[in-house]
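Asks: Provide a 3D model corresponding to the input given below.
(chains A and B)
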Number of protein chains: 2
Amino acid sequence: MKQVYFTAGPAEMYPTFEQHLRTAVENQLGSISHRSQKFRDIYKFTVEQLRTLMNIPESHAIFFTGSASEVWERILLNCVEHESFHLVNGSFSKKFYEYGVSLRKFAHKQEKPFGEGFDYGEVEVPEYAEVICVTQNETSSGVQMREPDIHKLKRSNSKKLIAVDMVSSAPYPELDFGVIDTAFFSVQKAFGLPAGLGVWIANDKCLTKSERLNKYDDITIGAHHNLPSLWKNFKTYETPATPNVLGIYLLGKIAEDLNAIGADVVRKQTEEKYKVLTKYVETSNVFSPAVAEERHRSRTVVVANTSKLSAEVIAEVKKANMVVGSGYGPFKDSQIRIANFPAVSLEQVELLIEELKKLEN
Amino acid sequence: MKQVYFTAGPAEMYPTFEQHLRTAVENQLGSISHRSQKFRDIYKFTVEQLRTLMNIPESHAIFFTGSASEVWERILLNCVEHESFHLVNGSFSKKFYEYGVSLRKFAHKQEKPFGEGFDYGEVEVPEYAEVICVTQNETSSGVQMREPDIHKLKRSNSKKLIAVDMVSSAPYPELDFGVIDTAFFSVQKAFGLPAGLGVWIANDKCLTKSERLNKYDDITIGAHHNLPSLWKNFKTYETPATPNVLGIYLLGKIAEDLNAIGADVVRKQTEEKYKVLTKYVETSNVFSPAVAEERHRSRTVVVANTSKLSAEVIAEVKKANMVVGSGYGPFKDSQIRIANFPAVSLEQVELLIEELKKLEN
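Replies: Numbering: from 1, shown residues only, chains lettered A, B, ... in the order given. Modelled structure (predicted):
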């Protein structure tokens, strides 16, 4: 019996995934050369669909990596000479910071307790930080930073670069890429695809910085997937090394499907499902919102405190062939996480709520 | 009409690929958590099948990356403090060397003209080199270094680490992992799978080295996919970041299929097809072997000089729905490359030769 995955990634496959995969297999896309015109057409198509869906201008190139976690490392290697600055509001933003430490950068952080988010006004950016690293959507805590706050943060620090982790929210956030220098996501979240592909969006300011750093003898921008080599290849829709061709094709097709619905409609559907889920969690006698401030609540990963063990909740909905996630790290038992991605419909969300209600009595 | 891909990777899909992919989709493996028992079982299964197929002992861990090119970088970051040494006999071994330069290591190289290979006796290892980097099978030039020569090289430099690039030959080479410290390959070559997964085999000596380097403030072993984090997660068959779950599953299943045939039989079949191909190339009046010395000829990537333009050859066999590769880089027009992977049968190789013969007259 098929399960419906409300997990925050890997997540439910997008409804058209199987059909696109069949087409890919029929067309033998696993065998084509990544130096062929066929591949260049696929790369170009995926880029065009993403530009439309997420309003990404020509100033920004779009690259593919093995995962979004890899992009944390690539941004720090390519865009930071000495100092990075990280807004930490959960386990993944913390990992981004820790990557900075591991790469021997002087990584600064401003940290919030688990479940709390940042507003623009309270952020204090260190003077010499070269890149501001923001996690727009924290998959661990279900906390978001709103787009206008992110844009203000960059505008008031216009000489610094800003990097936005939108791993588990893209394409939902309306980022203004006239302002945002670099952002990234992975495909196993809101795009409803199997894991194995990270997507990195970066502008020419990031490239310029990496080219400058690359001239120094005592610093490395990395050898694999560094910006100058990615960018050079991107100009002809190629990649420095053999990429996940199948994943790139599938991403383009899902983006096309989302464009057919329309980015705004997809966004409204997400908000509608979010409201239904949040309303239930707020009025339940088993669950309560894990993020106190409504403005800081992620629209795509709803996290709830649970008075019953998360394992019990997971087991209950499993009976109806639904899968929800436990809390993250220390909150494994006391929280549940419900992904609100385009792959799950309002009807499925309502069915999930019916199951969750069975725990109340 | 389906093509038969004799290209050196991406290559022909292994005959059972579609069936395993269907099973994976039916079991919703794209949606399962990489922290679930289901995933740990998949990782464990794939490791066990690879251990059997390639005779990899328990002293070596097996990790997954985005590609084999990524492993070049990871080995240099984790195992080299100051100096690496590279045997360069083609474009990919040269890239391995260039990765060392980009990572600001003191990278030494010993280089051969394109189409020539190394024997043990002629290799001069620099005194302070920490890792000897050998490309067992050069995808660009069709040159191999024989396993006994590689083993001797390590035995006479026992205090250094040895890293073996077997990207386009694994699981064919009979490497003695009692001697070899680390090796790696990608799945879109001889395993007949779509690209997007690199496989990294490394022993505890590599781990010890990376742990030592990680203690220094002025050196980085990388933040993403560094050995200590990969190894820690490997102990419970997990990965530091979300991996290509589907790719890992498929690799395990193809390895199981190859084990059912038997590694020795697969090897013999490879040698048989190699002999048929080589005999044709040697006696043809259009083609001739690109690698003069028989002992240096790759068994899995046969490269031939062509007196007709490679584009003409490619177009001719294309009529019969077969795809062969052009030469690499400067040899694009004057050479062709024919992959001899397990996914293509002796019958298919013979049909290819029939088509190639049509160019002779």
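Asks: so what's the residue count around the residue of chain A at minimum distance from chain B?
Replies: Distance from chain B to each residue of chain A (CB to the nearest CB) is smallest for A:G66, at 2.0 Å. For glycine as for every other residue, the C-beta is placed from the backbone atoms N, C-alpha and C. A:G66 has 32 neighbouring residues, counting by other CB atoms under 10 Å in any protein chain shown.
Asks: so for the closest residue to it other than its chain neighbours, what's the pLDDT?
Replies: Nearest non-adjacent residue to A:G66, counting by CB to CB, 6 or more residues apart in numbering or on different chains: B:G66, 2.0 Å away. For B:G66, the pLDDT comes out at 98.
Asks: so B:G66 sits right up against B:G198, yeah?
Replies: Yes - contact criterion CB atoms under 8 Å: B:G66 and B:G198 qualify, at 6.2 Å.
Asks: one step back: list the residues that contact the residue nearest to A:G66.
Replies: Residues counted as contacts of B:G66 (CB atoms under 8 Å, 6 or more residues apart in numbering or on different chains) are A:65-67, A:70, A:196, A:244, B:196-198, B:244.
Asks: neighbours around A:R295, how many?
Replies: Neighbours around A:R295, by other CB under 10 Å: 11.
Asks: again, but for A:V25
Replies: By other CB under 10 Å, 17 other residues sit near A:V25.
Asks: swap in the one 4 residues further on?
Replies: For A:L29, the number of neighbouring residues by other CB under 10 Å comes to 21.
Asks: surely it touches A:V245?
Replies: Yes - under the criterion of CB under 8 Å, A:L29 makes contact with A:V245 at 5.9 Å.
Asks: which residues do these two both contact?
Replies: Shared contacts of A:L29 and A:V245 (CB under 8 Å, 6+ apart): A:42, B:194.
Asks: could you chop chain A up by domain?
Replies: As assigned by automatic domain parsing, chain A contains the domains A:4-11+A:263-357, A:17-260.
Asks: now find how far off-centre the shortest one is within its chain.
Replies: This points to domain A:4-11+A:263-357. When C-alpha coordinates are averaged (CA atoms, centre = their mean, to the nearest Å), domain A:4-11+A:263-357 and its chain have centres 17 Å apart.
Asks: that domain and chain B, any residue contact?
Replies: Yes - applying CB under 8 Å from any CB of the partner chain, one finds domain A:4-11+A:263-357 touching chain B at A:5, A:7, A:9-11, A:323, A:325.
Asks: derive a PyMOL selection command for the buried subset of the residues you listed.
Replies: Buried subset of those, written as a PyMOL selection, criterion 16 or more other CB atoms under 10 Å in any protein chain shown:
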select buried, chain A and resi 5+7+9+10+11+323+325
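Asks: of all the residues of domain A:4-11+A:263-357 next to chain B, which two lie farthest apart?
Replies: Across the residues of domain A:4-11+A:263-357 next to chain B, the longest distance by CB to CB is 12.1 Å; it joins A:G9 and A:V323.
Asks: mutual contacts of the two, please.
Replies: When contacts are counted by CB under 8 Å, 6+ apart, A:G9 and A:V323 have no shared neighbour.
Asks: mind listing what's buried in the longest helix belonging to chain A?
Replies: What stands out as the longest helix in chain A, according to DSSP state H, is helix A:263-283. By neighbour count with 16+ other CB under 10 Å, helix A:263-283 contains the buried residues A:263, A:266-267, A:270, A:273-274, A:276-278, A:280-281.
Asks: hmm, who's touching the next helix or strand after it?
Replies: Next in sequence after helix A:263-283, counting helices and strands by DSSP states H and E, comes strand A:287-289. By CB under 8 Å, 6+ apart, the residues outside strand A:287-289 that reach it are A:278, A:280-282, A:297, A:303-307, A:336, A:356.
Asks: done for today, thanks.
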